[in-house]
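# here is a sequence together with a model predicted from it:
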Amino acid sequence: MKVRVGFGFGVRTTLNDTGFGEVVDALESLRFDSLWLSERINGSAPDPLVGMAFAAGRTKRLKFGMSVMVLPGRNPVVLAKELATLDRLSGGRLLPAFGLGAVDPHEQQAFGVERTERARRFDEALTVLRGCWEHDEFTHHGEFFHYDTLKVKPKPTQQRLDVWLGGIAPSELRRVGRLADGWLPSFITPDDAARGREVIEAVCAEYGRAIDADHFGALIPYSMGAVPDAVLAGLAARRPDLADPSVLVPRGWDALLATIDRFVAVGTTKFVVLPLVEPTTPGDWVAHLEAAAPAVLARQT
């Protein structure tokens, strides 16, 4: 199994100006595997598509993905062309990952999709994306989208552009089993990962498909010090099933490495690590990454 470690920026990151490039350069030079950008219309994070294109233009090796991009509300044909173009221009370094969007009325208003139809739109839009990428001509007639002999070029450099999905709710796990090429959940424990993988593989078997053994990942938030009370309250609301939500956030490099090792033990090999309390300036970010690299990348194979 190939263990890979990438770095993620959260929805509240302030890296949305010229400092973003300095941090991208550091990720490239320090040889992190990938960069992952979150999406939130009312958050300060940069738009993931623009941010990935910017990063691709100043790097040669670094891969990049979304953690995650909202799919319902987007034109899937236009998005298929945009992402295929980005994959070609970057030499096949794109790692697309999609979600339904935050359970937030302001976000749902921005994307123009009623909460009750998000899941149906998501499933159909993903079918359209794949059709655009994988067929010279594509005909589709569904609930939301209708196309006859549609042609979308260019095609991605990656002959199979693997799509990653997240989530640990039963409906989300079934969607991964039905539609995804990889699983990248967040705010989970290694036990969650093991149980979720069992469900996903059972659903895959129902549909006569499989997910590669090294396409199971996890986004791991971490902290260098005490986790702020507001963050703990948010984690408790997100995971009310956990008696102590702080187990989701390892503190310090040694704890982060131990957490990665526990995930690897249950078959998880792709990681996005994300500081819950981010450095405040680009220079602080670079210093943080320089401290992270010798510790975290020791687990990369």
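Arrived safely, thanks for sending. Residues are numbered from 1 along each chain as shown.

# burial of Asn16, as a residue count?
Applying other C-beta atoms under 10 Å, we find 15 residues neighbouring Asn16. C-beta: built from backbone N, CA, C; applies to glycine.

# quick check: the nearest residue to Phe187 once chain neighbours are set aside vs Gly65, distance?
Closest residue to Phe187 apart from its sequence neighbours, by C-beta to C-beta, 6 or more residues apart in numbering: Leu248 at 5.2 Å. The gap separating Leu248 from Gly65 is 21 Å, by C-beta to C-beta, to the nearest Å.

# what of Pro279?
Applying C-beta to C-beta to Pro279 and Gly65 gives a distance of 21 Å.

# who are the neighbours in contact with the residue nearest to Phe187?
187-189, 221, 235, 239, 242 (C-beta atoms under 8 Å, 6 or more residues apart in numbering).

# and those, which two are the farthest apart?
Farthest pair in these (C-beta to C-beta) is Pro221 and Leu242. Separation: 13.7 Å.

# out of the two, which sits in the more crowded spot?
Legend: neighbour count by other C-beta under 10 Å for Pro221 and Leu242, higher for Pro221 (21 against 15).

# more neighbours, Pro279 and Gly65?
Gly65 (24 against 18).

# for that one, give the beta-bridge partners.
Trp36, Leu95 (DSSP bridges).

# pull the number of nearby residues for Ala53.
16.

# same check on Val247?
12.

# what of Leu276?
As a measure of burial, Leu276 has 19 neighbours, counting by other C-beta under 10 Å.

# so it touches Val227, yeah?
Yes: the pair Leu276 / Val227 is scored as a contact, 6.5 Å apart, by C-beta atoms under 8 Å.

# any shared contact partners between these two?
With C-beta under 8 Å, 6+ apart, Leu276 and Val227 have common neighbours Val249.

# Ala169: neighbour count?
So Ala169, with other C-beta under 10 Å, has 10 neighbours.

# ok now do it, which residues does it touch?
Contacts of Ala169 by C-beta under 8 Å, 6+ apart: none found.

# how close does it get to Pro190?
Ala169 is 18 Å from Pro190, by C-beta to C-beta.

# could you pull out the helices in the chain for me?
In the chain, the segments counted as helices under DSSP state H are 19-30, 48-57, 76-89, 105-111, 118-134, 170-179, 190-206, 229-238, 253-265, 282-296.

# of the ones you listed, which is nearest Arg40?
Here helix 105-111 is closest among those (C-beta to C-beta), at 6.9 Å.

# list the contacts of the closest one.
Against helix 105-111 from outside (C-beta under 8 Å, 6+ apart): 40-42, 70, 72-74, 101, 114-115, 118.

# ok now it, how far from the chain's centre?
20 Å (C-alpha atoms, centre = their mean, to the nearest Å).

# repeat that for stretch 234-251.
On C-alpha atoms, centre = their mean, the centre of stretch 234-251 falls 20 Å from that of its chain.

# try stretch 196-214
For stretch 196-214, the distance to the chain centre is 19 Å (C-alpha atoms, centre = their mean).

# just stretch 287-299 next, same as before
21 Å.

# which of the residues in it are classified as buried?
Buried residues in stretch 287-299, counted by 16 or more other C-beta atoms under 10 Å: 288-289, 292-293, 296, 299.

# closest to Glu28 among these?
Closest to Glu28, out of all of the buried residues of stretch 287-299 and judged by C-beta to C-beta, is Leu289, at 10.5 Å.

# for that closest one, give its distance to Val273.
Distance from Leu289 to Val273, by C-beta to C-beta: 11 Å.

# intersection of neighbour lists for those two?
Phe7.

# give me the beta-bridge partners of the residue lying closest to Leu274 once chain neighbours are set aside?
Distances taken as C-beta to C-beta, 6+ apart place Gly8 nearest to Leu274, at 3.9 Å, with adjacent residues excluded. Here Gly8 sits in beta bridges with Trp36, as judged by DSSP bridges.

# between its first and last residues, how far does stretch 12-31 reach?
25 Å (C-alpha to C-alpha, to the nearest Å).

# pLDDT of it, averaged?
The predicted model gives stretch 12-31 an average pLDDT of 97.

# now that stretch, how far from the centre of its chain.
Using C-alpha atoms, centre = their mean, the offset of stretch 12-31 from its chain centre is 17 Å.
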